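# Got a predicted model here, sequence first, then my questions.
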Amino acid sequence: MPRDTLTPDQIVQTAIELMDAEGLEGLNMRALGKRLNAAATAMYWHVESKDNLVLLATDQVWGELALPDPDTVGWRTAATAMATDLYAMFVRHPWLVQVLAAHLVYGHSKARHDDHHLAVYETAGFTTEQADRATAAVFTYVLG
């Protein structure tokens with residue numbers, strides 16, 4: 001496939017599918033290129049490095065999470081829904097657990113989720129420090 005026919009979104013989505021099927025250790029540019037009918041080196045034109053690709057894929061997956069409105073559904077329902085959705089994300093994409101252990105995970109979708117999660121607890125009247133502890137506790141519990 002010529003370089004100009006690949007897109008970063010296409011590469012990231014295919015990387016997610018590859019990692020869902022084969023785990024984080026199954027991600028390499030050769031396998032990714034094979035799935036896209038492109039040379040392994042063509043991936044680097046769009047995603048710079050394997051580590052960058054993993055971070056892009058992680059942020060894409062984090063964007064799958066719903067952000068329920070605590071003013072509409074109540075903070076407890078919103079917090080429960082977010083925890084349930086987070087668990088479902090880890091089940092759909094088990095390679096994320098390895099990513100969290102090996103990479104500093106950041107990005108727009110992750111930040112959006114984290115900010116919203118804090119806001120859910122702040123809506124309930126938690127202080128900023130309490131909200132931070134609550135989100136960390138829920139995340140750690142779900143991850144475990």
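That came in fine, so what should we check first? Residues are numbered from 1 along each chain as shown.
# contacts, neighbours, all on C-alpha from now
OK.
# What count of nearby residues applies to Ala131?
Residues near Ala131, counting by other Cα atoms under 10 Å, number 20.
# mind checking how far it is from Ala79?
Distance, Ala131 to Ala79, using Cα to Cα, to the nearest Å: 11 Å.
# and for the two, which residues touch both?
Listed as contacting both Ala131 and Ala79 by Cα atoms under 8 Å, 6 or more residues apart in numbering are Tyr121.
# For Pro2, give me the pLDDT.
The model reports Pro2 with a pLDDT of 50.
# how about the spatially most central residue of the chain, phi and psi?
With distances taken as Cα atoms, centre = their mean, the residue of the chain nearest its centroid is Trp62 (3.0 Å). Note on Trp62: backbone dihedrals following degrees, to the nearest 10 are phi -60, psi -30.
# Surely it is in contact with Ser109?
Yes: contact criterion Cα atoms under 8 Å: Trp62 and Ser109 qualify, at 5.6 Å.
# Helix or strand with the lowest mean pLDDT in the chain?
Lowest on mean pLDDT, DSSP states H and E among the helices and strands of the chain sits helix 44-47, with a mean of 86.
# Show me what counts as buried in that one.
In terms of neighbour count (16 or more other Cα atoms under 10 Å), helix 44-47 has its buried residues at 46-47.
# where does Ala66 land in three-state SS?
Following DSSP: H, G, I helix; E, B strand; the rest coil, the label given to Ala66 is coil.
# re earlier: give me the helices and strands touching the least confident helix or strand of the chain, please.
On a contact count with 3 or more Cα pairs under 8 Å, 6 or more residues apart in numbering; DSSP states H and E, helix 44-47 meets no helix or strand.
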